[in-house]
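Student: need a 3D model of the following:
(2 chains)
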Amino acid sequence: MTNYTPRGTLATTWLIAEREITMRLRSKAFVISTVILLLSVLGSIVAANIIGGISEPTKVAAVGSAVQTVESTEQFDVIEASDREEAEQLVRDGDAEAAVIPDSESPTGLTVLGLDEAPGGVLDGLSIVPSLELLEAPAQNPLLVYLVSFGFGLIFFISALSFGQIIAQSVVEEKQTRIVEILMATVPTRVLLAGKILGNSLLAFGQIAGIAAIAGIALLATGQDIILADVGPSLIWFVVFFAAGFVMLAALYAAAAALVSRTEDLGSALTPVTMLVMIPYFGVIFFKDNDLVLTIMSYVPFAAPVGMPMRVFLGTAQWWEPLLSLALLLATTVVVILIGSRIYANGLLRMGGQVKLKDALKG
Amino acid sequence: MNALLELHGVTRSYGSRAVLKDVSFGVRGGRITGFVGSNGAGKTTTMRIILGVLAPDAGTVTLDGVPLGAERRASFGYMPEERGLYPKMKLAEQLVYLGRLHGMSTTQAKESTDTLLDRLGLTERANDLVEALSLGNQQRAQIAASLVHDPDVLVLDEPFSGLDPLAVETVLSVLKDRAATGVPVLFSSHQLDIVERLCDDLIVIADGGIRASGSREELRTQHSQPRFELLVDGDTGWLRAEAGVEVLEFDGGHAVFEVDSPETAQRVLRTALSQAAVLRFAPIQPSLAQIFKEVIK
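Tutor: Next up is the predicted model:
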């Protein structure tokens, strides 16, 4: 006779999740692809720094008392020159974009030397401007907008697709090897599904958090902290949205996979779900400049994990918008899990051809 | 203490096709119960309902009179007809996992796994991946998977199909040990000769209904005609003239006949002895196959 009591639902869910994680970490393919993904994020940020030098401050030569004036703007890299001739030479050689020298005849007490055109940035930097209030949020650097939209879209796409595939594989593996019947006789299907989603979501979430952390560290280490300050909040929102969005996708992938009995049949069953993943990916890249489409995307649960962080980054989202969208996403996730677990439970014992969605819903 | 597993009026249909119609029977603890029926008779569906993998449309399953819930079922052992384990997990690791899934602590599960692997002769394979095991060993592993959590009730769907004779003996002795601790053991089979040899009790299902159930001996008695075999060193032609005797087979000194009462049988034996040397006189036990054919008619 048994001398133990069944585990609680949570403990059992965790036990299943633990197995999913262990088995995945044991797979060389998974570990290698994760390392490659992290390295490529690191590599692209370092490369962007080397090639673009987006954040390099403008070099300005300054003479005498002008040095302090230029430094006080905190916008420029100051090269001290001993006199006007040396400063001119620096500009001619291209070592400095402009030179600033004291000039008692100028009303501002300064003269700015440019090579063949007015160094607008330097003039602006030195200008005393009236205090400014923008009615619209400031626009981001277009190159950065492109990189960020592409980055969010691509990372979401790759992670959702690869982990969705992993969940689907693990569901079909259990069906194909028929161990699923032993599992179903041991634990409720809800718990089985929950454990699977939990385990794989933790892995996916870990991967995304790792990417965000590496991106953050790389931006800091390459002195691109201005970009980090720009991207940071949207990066955090991205991780939060991804966590919720992935759970929803995981439930969909598991449900879709439960409809087939063989790995070979997975492709066709997963196509509709894959479409859902591709919408935000292409949407954010094509419509990064279209405010209306982005706004819609940021509320549609499937696209919100990419759309809302993008709008946070562009500064077009009010503070409450991410919260509302997140609430919407969480509610949808709950509904999807309920429907998904029904399809999952009803699909598991049906072997042979692909189960019709209608039959799986009816049970 | 012997537990009692019972089904009460269990009904189940798939769409418009009724698979089980008002199925009721009991499985007694401490005994091995064979569950016989042709393919498609409803054996697997019945077992899945006992395990809670499928829900019945009507009816209940009880253990010692208490309706079963998920928690109680967690201590059941099940070997589905479709065999399967995780191919990429190590054998021992997998058994420990299943033990824990049923509710055992890691220590309990490890101890139980070691004992079982030893019992089934799989100790050396403990750290092999399941997919690397030979077919025979995979089947033993499957048995181990249904036993690792020291189940209160054991339900096995076709446990002997595809087993080599040696494995059949090993599995059988393991099952008998389990039954001896008071656990109800139900196994299905369509191999009647194996069932006849192994089981104490028998349940016959046909077309979704229970046609017979009881101990093997009871069923034999119920379904045996008063039929005898006689072999004498001479001729048995005189049998045809005996009152209350119907000769079924006749071949010189050998005859098979039915009698209307035990007294008639004794009279026939005395007559036979008075005529020639009797080499054999015995009641004929119907084989399970015969009973089966008869009850599913």
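Student: would you map the strands across the chain?
Tutor: Using chain A. Counting by DSSP state E, chain A has these strands, from start to end: A:58-63, A:76-81, A:98-102, A:110-113.
Student: was after chain B, sorry
Tutor: Using DSSP E, strands in chain B cover B:4-14, B:17-28, B:32-36, B:58-63, B:66-67, B:76-79, B:153-157, B:185-189, B:201-206, B:209-215, B:227-232, B:245-251, B:254-259, B:278-283.
Student: what's the last one in contact with?
Tutor: Same thing as strand B:278-283. B:224, B:226-233, B:253, B:265, B:269, B:272 (C-beta atoms under 8 Å, 6 or more residues apart in numbering or on different chains). Any C-beta I mention is one placed from the backbone N, CA and C, and that applies to glycine too.
Student: quick one: least confident of the residues you listed?
Tutor: Ranked by pLDDT, the contacts of strand B:278-283 bottom out at B:Ser224 (71).
Student: excluding chain neighbours, what is closest to that residue?
Tutor: B:Pro286 (5.1 Å; C-beta to C-beta, 6 or more residues apart in numbering or on different chains).
Student: cool, A:Thr222 as well?
Tutor: Per C-beta to C-beta, 6+ apart, closest to A:Thr222 is A:Asn49, 4.2 Å.
Student: can I assume that neighbour is in contact with A:Asp225?
Tutor: No. Applying C-beta atoms under 8 Å, one finds A:Asn49 not in contact with A:Asp225, separated by 11.7 Å.
Student: isn't A:Ile45 right next to A:Leu219, touching?
Tutor: Yes. Using C-beta under 8 Å, A:Ile45 is in contact with A:Leu219, at 6.2 Å.
Student: between the two, point out the one with more neighbours.
Tutor: A:Leu219 (24 against 21; other C-beta atoms under 10 Å in any protein chain shown).
Student: and the gap between the residue of chain A most remote from its centre and A:Pro119?
Tutor: Most distant residue from the mean C-alpha position of chain A: A:Glu105, 53.6 Å away (C-alpha atoms, centre = their mean). A:Glu105 sits 20 Å away from A:Pro119, going by C-beta to C-beta, to the nearest Å.
Student: show me what the longest helix along chain B is packed against.
Tutor: The longest helix of chain B (DSSP state H) is helix B:165-180. Applying 3 or more C-beta pairs under 8 Å, 6 or more residues apart in numbering or on different chains; DSSP states H and E, one finds that helix B:165-180 makes contact with strand B:32-36, helix B:135-147, strand B:153-157, strand B:185-189, helix B:192-198.
Student: what about 10 Å?
Tutor: strand B:32-36, helix B:106-119, helix B:135-147, strand B:153-157, strand B:185-189, helix B:192-198 (3 or more C-beta pairs under 10 Å, 6 or more residues apart in numbering or on different chains; DSSP states H and E).
Student: for B:Val27, what are its contacts?
Tutor: B:3-7, B:33, B:35, B:50, B:63, B:153-155, B:183-186, B:201, B:203, B:213 (C-beta atoms under 10 Å, 6 or more residues apart in numbering or on different chains).
Student: also near chain A: which of those residues, exactly?
Tutor: Contacts with chain A within the contacts of B:Val27, counted by C-beta under 10 Å from any C-beta of the partner chain: B:Ala3, B:Ile50, B:Val155, B:Val183.
Student: against A:Leu161, how distant is the second one?
Tutor: When C-beta to C-beta is the yardstick, B:Ile50 and A:Leu161 sit 41 Å from each other.
Student: which stretches of chain A aren't confidently modelled?
Tutor: A:1-3, A:51-57, A:74, A:120, A:124, A:127-140, A:351-353, A:362-363 (pLDDT under 70).
Student: residues near the closest residue to chain B within it, how many?
Tutor: Residue of chain A nearest chain B, by C-beta to the nearest C-beta: A:Arg178 (3.1 Å). By the measure other C-beta under 10 Å, the count of residues near A:Arg178 is 18.
Student: so what's it closest to, chain neighbours aside?
Tutor: Counting by C-beta to C-beta, 6+ apart, the residue nearest A:Arg178 is B:Gly84, at 3.1 Å.
Student: repeat for A:Glu174
Tutor: A:Val180 (4.3 Å).
Student: wait, isn't the residue nearest to A:Arg178 in contact with A:Ser261?
Tutor: No. The criterion here is C-beta atoms under 10 Å, and B:Gly84 misses it with A:Ser261 at 11.8 Å.
Student: so the residue nearest to B:Thr11 when sequence neighbours are not counted versus B:Asp207, what's the distance?
Tutor: Of all residues not flanking B:Thr11 in the chain, B:Ala58 sits nearest, at 4.3 Å (C-beta to C-beta, 6+ apart). According to C-beta to C-beta, B:Ala58 stands 18 Å off from B:Asp207.
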